[in-house]
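Chemist: Sequence and predicted structure are below.
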Amino acid sequence: MLPVSRAQMSEPTPIAPDQQQTFVAQEQAVLRTLDKVTARTGTMTVDIDQTVSFGTLMITVRTCRKTPPEEEPESAAFIEIMDAPPEREAREVFSGWMFASSPALSALEHPIYDVWLGDCKMASSASSVVGD
């Protein structure tokens, strides 16, 4: 193993201009959900800046972006999740970017629920919340 200095570890690896992805803003995020207690899974289509509930979670998607079709497929969304159980005050349990291709990279850490990004898309006439 080669020695690595602390300075080298903290410096971001530069990305060549031809490797950078271009993201296009979308109107909706498709979220996948799992209740670990009941093993129930679901899919929720959420408009940008809309807050939806899943169990005791309140989920707000602030932005959702997708690469154009000619680039490597990737969707990324900035999501805020609050846990608001009835017996105590609401608290933030997640705030950050989620990536559809790498759900474990930035994941919600919750003992009962899993939420991850499936895709970003433009709005259609479909219902805003769909269950499996």
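Modeler: Perfect, I can see it now. Residues are numbered from 1 along each chain as shown.
Chemist: what's the spacing between the spatially most central residue of the chain and Ala25?
Modeler: Against the mean C-alpha coordinate of the chain, by Cα atoms, centre = their mean, the closest residue is Met98 at 3.2 Å. In this view, Met98 and Ala25 are 16 Å apart by Cβ to Cβ, to the nearest Å. All C-beta spots, glycine's among them, are computed from the backbone N, C-alpha and C.
Chemist: now swap in Asp114 and tell me
Modeler: 26 Å.
Chemist: neighbour count winner among these two?
Modeler: In terms of neighbours (other Cβ atoms under 10 Å), Asp114 is the more surrounded of Asp114 and Ala25; the figures are 16 against 11.
Chemist: how about the residue nearest to Phe78 when sequence neighbours are not counted, what does it touch?
Modeler: Sequence neighbours aside, Arg62 is the residue nearest to Phe78 in space, at 4.4 Å (criterion: Cβ to Cβ, 6 or more residues apart in numbering). The contact partners of Arg62, by Cβ atoms under 8 Å, 6 or more residues apart in numbering, come to 48-49, 77-80.
Chemist: Just the buried ones from these, in ChimeraX syntax?
Modeler: The following ChimeraX line selects those of these that are buried, judged by 16 or more other Cβ atoms under 10 Å:
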select :48,77,78,79
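Chemist: can you list the weak-confidence ranges in the protein?
Modeler: Residues of the chain meeting the criterion pLDDT under 70: 1-21, 125-132.
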